[in-house]
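Undergrad: Build me a model from this:
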Amino acid sequence: MQRLHYASGHWSLLLIFQGMDAAGKDGAIRHVMSGVNPQGCQVFSFKQPTEQELKHDFLWRTSRCLPERGRIGIFNRSYYEDVLVARVHPEILHGHGLPDELIDDTTIWEQRYRSINDLEMHLHRNGTQIIKIFLHLSKDEQAKRFRARIDAPDKNWKFSLADIHERSYWEDYMTVYGDCLSATSSEHAPWYVIPADDKPNARLIISQIILDTLTDLKMAYPKTTPERHEELESFRSQL
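TA: This is a model prediction of the structure:
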């Protein structure tokens, strides 16, 4: 399917992964995409914005990384962080350099949802198929996975005090995720809420969603014209 997608060259595929810490984003990307040719796939992880990124609108840093037609792009976190983390922690928003008169908690989130929806509609109209995956982890399972990171020396590096800090805002995150998914799920860019406590099942579901999406694109290999076939035959004598 990936080879066909690359050869047809009419669509690009963008996969967006969101979820709480330890939801399994890295593992799902690694597992689901393990059979994909690396030449046709690119992965970007979006963490705390850089100084340069903060001088632009919140969609700029991800827009630079969008996949071209024929390729698969994967965002591990994305522009959605700016309506999730920034909403749970409003001080982040005030540190982004926006004019004070543009920071209005009663309107800014709806405005950003609208910006996201407009962007995703624009991308769809220009040949980008978007799949948005929310790995829905339970709080108890997160605690279990955090303990496993503490117990395993080779996973200690994945755990930090920041993980505990963000866990204390669990209910706030569930609220903003609910608002975000409801406001930004559309026919052309739907959200898929994947039960993430069971990793193998979650990865199976994600794999099927990607296969179904590629199938629905009705791709085909480019047809060879009689002129092109004649040209190819002329090359035969030179081999």
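Undergrad: so where do the helices sit in this structure?
TA: For the chain, the helices defined by DSSP state H cover 2-8, 25-32, 60-63, 85-88, 90-94, 108-125, 139-151, 161-167, 170-184, 199-216, 226-236.
Undergrad: now for these, which one comes closest to residue 46?
TA: For those, the distance to residue 46 is smallest for helix 60-63, at 6.5 Å, taking Cβ to Cβ. (Glycine included, C-beta is placed from N, CA and C.)
Undergrad: Pull the residues that contact that closest one.
TA: Residues from elsewhere that reach helix 60-63 (Cβ atoms under 8 Å, 6 or more residues apart in numbering): 44, 46, 49, 50, 53, 75, 78, 79, 119.
Undergrad: same check, this time on stretch 217-224
TA: Contacts of stretch 217-224 (Cβ under 8 Å, 6+ apart): 4, 5, 7, 8, 9, 10, 11, 129, 232.
Undergrad: 6 Å - rerun?
TA: Residues outside stretch 217-224 that contact it (Cβ atoms under 6 Å, 6 or more residues apart in numbering) are 4, 5, 7, 8, 11.
Undergrad: now the residue nearest to the fourth one when sequence neighbours are not counted: how far from residue 90?
TA: Going back to what we said before, that points to residue 8. Excluding the flanking residues, the one nearest residue 8 by Cβ to Cβ, 6 or more residues apart in numbering is residue 219, at 4.1 Å. Per Cβ to Cβ, to the nearest Å, residue 219 is found 44 Å from residue 90.
Undergrad: quick one: which of those two has more around it?
TA: In terms of neighbours (other Cβ atoms under 10 Å), residue 219 is the more surrounded of residue 219 and residue 90; the figures are 17 against 12.
Undergrad: coming back round to it: could you turn the buried ones of the contacts of helix 60-63 into a ChimeraX selection?
TA: Of the contacts of helix 60-63, the buried ones go into a single ChimeraX selection, burial set by 16 or more other Cβ atoms under 10 Å:
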select :44,46,49,53,75,78,79,119
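Undergrad: what's the farthest-apart pair in the contacts of helix 60-63?
TA: Pairwise distances among the contacts of helix 60-63 were taken by Cβ to Cβ; the largest, 20.6 Å, belongs to 50 and 119.
Undergrad: gap between the nearest residue to residue 66 once chain neighbours are set aside and residue 158?
TA: Take residue 66 and drop its neighbours on the chain: the residue closest to it by Cβ to Cβ, 6+ apart is residue 73, 6.2 Å away. According to Cβ to Cβ, residue 73 stands 24 Å off from residue 158.
Undergrad: Check residue 195 too.
TA: From residue 195 across to residue 158, the span is 22 Å (Cβ to Cβ).
Undergrad: and these two? which has more neighbours close in?
TA: Using other Cβ under 10 Å, the more surrounded residue of residue 195 and residue 158 is residue 158, with 16 against 13.
Undergrad: my guess is the more buried one contacts residue 152, does it?
TA: No - counting by Cβ atoms under 6 Å, residue 158 does not reach residue 152; the two are 9.2 Å apart.
Undergrad: And residue 156, what's its pLDDT?
TA: Per-residue pLDDT puts residue 156 at 89.
Undergrad: Over to the one 3 residues further on?
TA: Predicted confidence (pLDDT) at residue 159: the value is 86.
Undergrad: Run through the residues that contact it.
TA: Residue 159 is in contact with residue 149, counting by Cβ under 6 Å, 6+ apart.
Undergrad: Go again with 10 Å.
TA: Residues near residue 159 by Cβ atoms under 10 Å, 6 or more residues apart in numbering: 21, 22, 145, 146, 147, 148, 149, 150, 152.
Undergrad: Looking at residue 91 now. What's its pLDDT?
TA: Residue 91 is assigned 90 on the pLDDT scale.
Undergrad: What about it, how many residues nearby?
TA: Per other Cβ under 10 Å, the neighbour tally for residue 91 reads 7.
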